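Enquirer: Below are the sequence and a predicted model; questions follow.
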Amino acid sequence: MIKNAGIALALGASFALAGAGQASAADLSAPETMVAEVTPLWDVAFGVAFMNDYRTRGISNSDKEFAIQGYAELQALDWFYAGIWASNVQFADGSTDPAAEVDLYGGVRHTFGALTLDAGALFYWYPGETGGETNYWELAFKPSYAITDDLVVSGTFLYGWDIGNSGGDGFYLVGGAKYTLPYQPITDVSFYVSGEFGKQWLGETNIITSVNPREYFNPKDYLTWNAGVGATYKAMTLDVRYIDTDLSKNECGFNTGNRGYCGSTALVKLSFDTALSKLK
């Protein structure tokens, strides 16, 4: 039975971040640009993360189990970037059961004083699927502005079409802020607080419902939010975050195929991020 497999994947795929604490290339707005004393003509940023649940846009993509993720990103001329990001995934029964999620992405990113603009495209690839393919594309625009050295506000706009090979499109809008404490009670350790609030719009698909063969599956739009604290020591960051959505258990089951994927959770994430220019 087709059920909601395509949309279940779609809701689980896609990057970050919108922000700290969540995952996926889109949510993470790609890794932060590594700043050196003199910006090199090219650089390679890379990292790995461990977390108790892979959540993106408030929804679990790992069946609420442990996840390991990694990425590598080529940066050139302080303008262009291209990268690859990967994670283990586990979706609801009835999905195509992919072996992993692999995000291929690229775009243009540059900082103009306090303003950083980032525009690009992402391809969500799910290798090892059975019974069909749910790969799809998404466009992204992610501006941010440093109000002060310690306070940064940001936005993320994502648009995808034929999400999960379902025929439906989707638009995601999120705003966030991150405040880094101006003092360091522990030497070389910086602390921050951050949060985001966003909405996911989802269009009608070409998947016929199992209830009425004359109706097409039309997932419910929803709100999602997160708030957390973190600490960074050199290349290591520990982030603890509260994540939730406004989907009821029945609505969550309708959208994703599992009633337990959308509820509130405490996400703990340990990540290591660096670049070739930082290695000595």
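Expert: Structure's in. What do you need?

Enquirer: buried ones in stretch 102-114?
Expert: By neighbour count on 16 or more other CB atoms under 10 Å, the buried set for stretch 102-114 is 102, 103, 104, 105, 106, 107, 109. For every residue, glycine as well, the C-beta is placed using N, CA and C.

Enquirer: Pick the one among those residues closest to residue 59.
Expert: residue 103 (16.1 Å; CB to CB).

Enquirer: Check which helix or strand that closest one maps to.
Expert: Residue 103 belongs to strand 101-112 when assigned by DSSP states H and E.

Enquirer: For the helix or strand where residue 191 lies, enumerate the helices and strands it packs against.
Expert: Per DSSP H and E, residue 191 falls inside strand 189-202. The helices and strands touching strand 189-202, judged by 3 or more CB pairs under 8 Å, 6 or more residues apart in numbering; DSSP states H and E, are helix 5-12, strand 170-180, strand 222-233.

Enquirer: Check what contacts the last one and list those residues.
Expert: This points to strand 222-233. 19-22, 57-59, 174, 188-200, 237-247, 251, 255, 262, 267 (CB atoms under 8 Å, 6 or more residues apart in numbering).

Enquirer: go with 7 Å
Expert: Contacts to strand 222-233, defined as CB atoms under 7 Å, 6 or more residues apart in numbering, come from residues 20-22, 57-58, 188-200, 237-247.

Enquirer: Give me the buried entries from those.
Expert: 20-22, 57-58, 190, 192, 194-196, 198, 200, 237, 239, 241, 243-245, 247.

Enquirer: What residues of stretch 207-227 count as buried?
Expert: Under the neighbour-count criterion of 16+ other CB under 10 Å, stretch 207-227 has 207, 209, 217, 219, 222, 224, 225, 226 buried.

Enquirer: now the stretch 1-150 of the chain, which segments are flagged as low pLDDT?
Expert: Where the stretch 1-150 of the chain drops to pLDDT under 70, the residues are 1-37.

Enquirer: same thing but 80
Expert: 1-38, 93-95 (pLDDT under 80).

Enquirer: what residues are up against residue 245?
Expert: Taking CB under 7 Å, 6+ apart as the test, what residue 245 contacts is 58, 59, 222, 223, 224, 262.

Enquirer: The last one touches residue 248, doesn't it?
Expert: The one in question is residue 262. No: when contacts are counted by CB atoms under 7 Å, residue 262 is not listed as touching residue 248 (8.5 Å).

Enquirer: Compare neighbour counts for the two and give me the winner.
Expert: Using other CB atoms under 10 Å as the criterion, residue 262 and residue 248 rank with residue 262 on top: 27 against 14.

Enquirer: re the thing from before, make a markdown table from the contacts of residue 245 and add distance to residue 132 to it.
Expert: A markdown table is the format used below for the contacts of residue 245 (distance: CB to CB, whole Å):
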| residue | distance to residue 132 |
| --- | --- |
| 58 | 25 |
| 59 | 20 |
| 222 | 25 |
| 223 | 30 |
| 224 | 27 |
| 262 | 24 |
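
Enquirer: of these, closest to residue 155?
Expert: residue 224 (14.7 Å).

Enquirer: Not counting residues beside it along the chain, what's closest to the closest one?
Expert: Nearest residue to residue 224 in three dimensions, chain neighbours excluded: residue 58, at 3.3 Å (CB to CB, 6 or more residues apart in numbering).

Enquirer: how near is the one you found to residue 248?
Expert: According to CB to CB, to the nearest Å, residue 58 and residue 248 sit 13 Å apart.

Enquirer: Perfect, I'm done here.
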